[in-house]
Structures are given as structure tokens and as C-alpha cells.
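Novice: Quick check, what structure comes out for this input:
(one chain, ligands or ions: 1)
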Amino acid sequence: MTIAASDSAAGAGIAADLKTMAALGVYATWAITAVTAQNTHEFRSVQALPASMVRDQIEAILDDLPVAAVKTGMLATAEIVSTVAEIAAQGRLPHLVVDPVVLSSTRRWVFAPESVELFHYSLVPMAEVFTPNLLEAAAFLGRELHTLADQREAAIELGTWGAALTVVKGGWAVDDRREEAVDVLWNGNELVELPAPRIPTANNHGSGCSFAAAIVAGLAQDMTTLDAVERAKSYVHQAIAGGAGWHLGAGHGPLDHFGWSAGG
Ligand code: PXL
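Specialist: Residues are numbered from 1 along each chain as shown. As a prediction, the model looks like this:
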């Protein structure tokens, strides 16, 4: 299940989640938190649903379907964050992956500022995996992150928020590793770095959503957390490579979700 918002251009949000989960062989359900009006270069408006409607969707799914893993994406209001955290605290959201959607790839703020505390103290402690990108990590920590060393420190500090595994994604490059996208993983004990060559393309809209959705798919398939993250990295790398030459819209186009193969 994904708890996230719709993107009218179908590059990010629930569309990215559904395509990713379908490509990796799991059945996706969703609870929609908000509707956004956007295309590949403009984020025009957003309308959140009432938190009670988000709760209704989540409970309708949980009361009927065998939910194996859950992802959160854009949780448009503080009320929605606290509703989701409350359901998680009841132990009803297995293998929870929290992708903190703070900024879209068009750099527009899509996060309720008062949600930061709720994330820190209520939602992230329930998470198996927490996946901020560099900009989100910087926003959460209140300082800029410029180097791979900064990124490592950020993973360790955000790890204290309580997720079993914290992944600070390297899609927004640090200054000293421009040619690679290095994801830094911290499990409270050791740091693991997953590098991938950076693909020169503007078609990266929805890459963060797709990464978290791919992790959820792996957890639903009983993979270990590390295996699920490694496969997600490979999946997103291939999906970006597959769509790199596409010309869809004037801005950040989508990924190719369906060209993936397990062998690379
Ligand atoms: O990529 C983050 C994201 C998540 N969810 C929705 C979005 C975006 C970015 O634009 O629109 C709905």
C-alpha cells in the first residue's frame, strides 16, 4: 500500500508507486492524501483531502486486503501525518517505509512545516526504512550538506529519529562526488554506501517515489531490508537510464518503469 498524493503528469506520487510495484511484481493499493496539478516543469496547485478521508481509505484496505508492506510519500497536512502515525502506532502498517516528501524535483515546498516534529517523534520511529534525499536531510537538520562526509553525518544523525534503516539518498549530488549518486545507509551500527554512475538527464521526476516504492515491493516479497534497498537502487538506475532520452514535456520527464530486468 502507498499513502501518497497524485501527480497529474503521472511521473511522481501514487502513479510512480503503482508503476514501480507493478513492474516488480506486487499488487499495489493506495490511499490518496492530496491531488496536485502539475506538469513536468510547473507545480501549479495542491489540494489536500481531509485526514478522515485518508483514514477511511487506509482502513478500508487494511480491513480487507493482506497488506504486506506500506510506503508513505507526500502527506500533505500535519493532520494527515498524525493520522498515519496513529495507525502505525497501532501496529497496523507492516514494513513501513517513510519517504519524506518535502520538496518536489521542481524544488517547490510540498511539506507542512509543522509536520517536521510529527515526523521526528511519531512517524519515523515506526519506520523500517526512512529515505530523505540530501535536500530533505538538510531541511530536517537545519544546515547545508556539501560533502560525502556531511551526508554520512546526516545519515547517522537522522538515524537517531528511530527508523531501523536510514537512507540519505544521493540523487542531489554532493560537491565531492558529482559523477555518482551515492546513497548512504545507516542502521544504527554501520554505514553502507551504494554508489551508481550519475545519468545525465532531466528525466528524473518521481525517482525518489519510485525508489521508496521499490523498497516496499522488496519488503512485501520478504527480501531483507538491505537486499530490498539494493534492488531498489538498481531498479531506479535502470528506470532513469531507460527514460533518459525521452522528450516528454519541457521540464523533468518521467522514468521508464517497465524496462527493468533483474540481471541489470
Ligand atoms: O517527488 C516527490 C513527489 C511526491 N508526490 C507527489 C509529487 C512529488 C513531486 O513533484 O508531486 C504527488
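Novice: Under the pLDDT cut-off, which ranges of the stretch 151-264 of the chain? List them.
Specialist: Per-residue confidence for the stretch 151-264 of the chain (pLDDT under 70) gives no ranges below the cut-off.
Novice: wait, doesn't A127 sit right on H95?
Specialist: No: the criterion here is Cβ atoms under 8 Å, and A127 misses it with H95 at 9.4 Å. (C-beta placed from N, C-alpha, C; glycine too.)
Novice: Could you pull up the residues touching A202?
Specialist: Residues in contact with A202 (Cβ atoms under 8 Å, 6 or more residues apart in numbering) are G251, H252, G253.
Novice: so the closest residue to A22 other than its chain neighbours, which of the three states?
Specialist: With sequence-adjacent residues excluded and distances taken as Cβ to Cβ, 6 or more residues apart in numbering, A22 is closest to A28, at 6.5 Å. Applying DSSP: H, G, I helix; E, B strand; the rest coil to A28 yields a three-state assignment of coil.
Novice: ok so, going back, could you redo the contacts of A202 as CSV and give each row neighbour count and distance to A154?
Specialist: Conversion of the contacts of A202 to CSV gives the following (neighbours: other Cβ atoms under 10 Å; distance: Cβ to Cβ, whole Å):
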residue, neighbour count, distance to A154
G251, 18, 28
H252, 22, 24
G253, 23, 29
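Novice: hmm, back to that, so between A127 and H95, which is more surrounded?
Specialist: Regarding A127 and H95, a neighbour count based on other Cβ atoms under 10 Å identifies A127 as having more, with 25 against 21.
Novice: and A5, what does it touch?
Specialist: Under the criterion of Cβ under 8 Å, 6+ apart, the neighbours of A5 are 13-14, 32-36, 46, 73-74, 76, 101, 110.
Novice: Which ones, among those, also lie beside the ligand?
Specialist: Checked against the ligand using Cβ under 6 Å from any ligand atom, these give the following subset in range: G13, T36, G73, M74, V101.
Novice: In helices only, show me those residues.
Specialist: Secondary structure defined by DSSP state H assigns G13 of the ones next to the ligand among the contacts of A5 to helices.
Novice: So E180 sits against R198, correct?
Specialist: Yes: using Cβ under 8 Å, E180 makes contact with R198 at a distance of 5.7 Å.
Novice: Mutual contacts of the two, please.
Specialist: Taking Cβ under 8 Å, 6+ apart as the contact criterion, the residues that touch both E180 and R198 are A173.
Novice: Could you export the contacts of A5 as JSON lines, including pLDDT and neighbour count?
Specialist: Shown next, in JSON lines, are the contacts of A5 (pLDDT from 0 to 100; neighbours: other Cβ atoms under 10 Å):
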{"residue": "G13", "pLDDT": "96", "neighbour count": "29"}
{"residue": "I14", "pLDDT": "98", "neighbour count": "24"}
{"residue": "I32", "pLDDT": "98", "neighbour count": "19"}
{"residue": "T33", "pLDDT": "97", "neighbour count": "30"}
{"residue": "A34", "pLDDT": "95", "neighbour count": "20"}
{"residue": "V35", "pLDDT": "95", "neighbour count": "16"}
{"residue": "T36", "pLDDT": "93", "neighbour count": "22"}
{"residue": "V46", "pLDDT": "89", "neighbour count": "18"}
{"residue": "G73", "pLDDT": "96", "neighbour count": "29"}
{"residue": "M74", "pLDDT": "94", "neighbour count": "27"}
{"residue": "A76", "pLDDT": "90", "neighbour count": "26"}
{"residue": "V101", "pLDDT": "86", "neighbour count": "24"}
{"residue": "V110", "pLDDT": "62", "neighbour count": "21"}
